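Q: From the sequence below, what's the structure:
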Amino acid sequence: MTAPPYPLEGVVSWNMNTTCNYRCSYCTQRFLDDRKQWARDVPAFIEAFLALPGDWEIKLSGGEPFLHPRLMELVEALAQGGRRLSVVTNLSASEAALEAWMAATAGRPGVLSASLHLEWVEEEAFRRKLAWVAARHRGPVVATCVATRAKLPEMAARVARFADEGLTLRVQPEKQDRDVIAYTPAEQEALVALGGHNGTGWVEPSFEGRWCWAGARYLIVDHRGAAWRCYPARRHRRESLGNLLDGTFRLRVEPARCGYTYCNCTVPIGRGMVEGTAT
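A: Okay, the predicted model is just below:
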């Protein structure tokens, strides 16, 4: 195999805050010492994201992005600067806040990914709100739900109920200590039948040794501006790209081989940035 073609649009996954109004038992951030941190130097982040070369999508996540006190200032500035904006949200924001987001991003809409957390919301109410969003947002709208061992037997029926209303629900495997839990072979088969992690077709994919554009056309940034090539790189504290805010940030210009046995970066997988994955 050879390296995939150059991705015309790059993607930044920006974990812009650790703040969240939920406390899910399976949350990978639940052990953080401080769940009230958020990106503070808004003008510097705006400048850094607008300075990225070429076309870029900024995918906001957290925590819960709609709890950031200056979210719309960021969104409006980046959208006016030509960046596509996507968001990962638990959909607890008010309809007014969601409408403001959709209006600001209407010129170049990104994905609105809504996380269904059944420990905090009822499925029917969530589904109604998601349908309301899907009828108004100009970009793709998807829902995700963590397939805990207790909830996995219900997932096929749940996915079908969403589909009956024209909505997409994708499953995510449960992780503890950042690793996928020890699902049985039968449970693994059930997860794959449901589309695998976020519809990628895999539960714990490995692309070790394959060419990947992460670090050049995809990267992870935290609320302090620290940047890494990808999620596994951040986890292992390897392949740092520097910091967007202090002058040390350096974006790569070529693809590089993956050095990790487990990849949970669904954006590069889903967009064909990894050798052997389809666009």
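Q: where along the stretch 1-150 of the chain do the strands fall?
A: 9-15, 55-61, 84-89, 109-116, 141-147 (DSSP state E, counting those that start in this stretch).
Q: Next, format the ones you listed as JSON lines and append mean neighbour count.
A: (Glycine included, C-beta is placed from N, CA and C.) Shown next, in JSON lines, are the strands of the stretch 1-150 of the chain (neighbours: other C-beta atoms under 10 Å):
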{"stretch": "strand 9-15", "mean neighbour count": "22"}
{"stretch": "strand 55-61", "mean neighbour count": "21"}
{"stretch": "strand 84-89", "mean neighbour count": "22"}
{"stretch": "strand 109-116", "mean neighbour count": "21"}
{"stretch": "strand 141-147", "mean neighbour count": "21"}
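Q: count of residues packed around Arg252?
A: 15 (other C-beta atoms under 10 Å).
Q: pretty sure it is in a helix, no?
A: No. Arg252 is assigned coil when assessed by DSSP: H, G, I helix; E, B strand; the rest coil, not a helix.
Q: any idea how far Tyr218 is from it?
A: 10 Å (C-beta to C-beta, to the nearest Å).
Q: now Leu67
A: 25 Å.
Q: Which one of the two is surrounded by more residues?
A: Tyr218 (25 against 20).
Q: who's that one bridged to?
A: Val11, Ala214 (DSSP bridges).
Q: quick one: the strands in the stretch 151-279 of the chain?
A: Under DSSP E, counting those that start in this stretch, the stretch 151-279 of the chain gives strands at 169-173, 175-176, 179-180, 211-212, 218-221, 226-228, 240-243, 256-257.
Q: Looking at those, which is nearest to Leu74?
A: strand 218-221 (12.7 Å; C-beta to C-beta).
Q: My read is that Cys212 contacts Val274, right?
A: Yes. With contact defined as C-beta atoms under 8 Å, Cys212 reaches Val274; the gap is 4.7 Å.
Q: Common neighbours of those two, please.
A: By C-beta atoms under 8 Å, 6 or more residues apart in numbering, Cys212 and Val274 have these common neighbours: Cys258, Pro268.
Q: any idea how far Arg238 is from Leu191?
A: 28 Å.
Q: in the protein, which helix or strand is least confident?
A: strand 175-176 (a mean of 88; mean pLDDT, DSSP states H and E).
Q: How far does that strand sit from its chain's centre?
A: For strand 175-176, the separation from the chain centroid amounts to 17 Å (computed by C-alpha atoms, centre = their mean, to the nearest Å).
Q: Check which helices and strands it sits against.
A: When contacts are defined as 3 or more C-beta pairs under 8 Å, 6 or more residues apart in numbering; DSSP states H and E, strand 175-176 packs onto no helix or strand at all.
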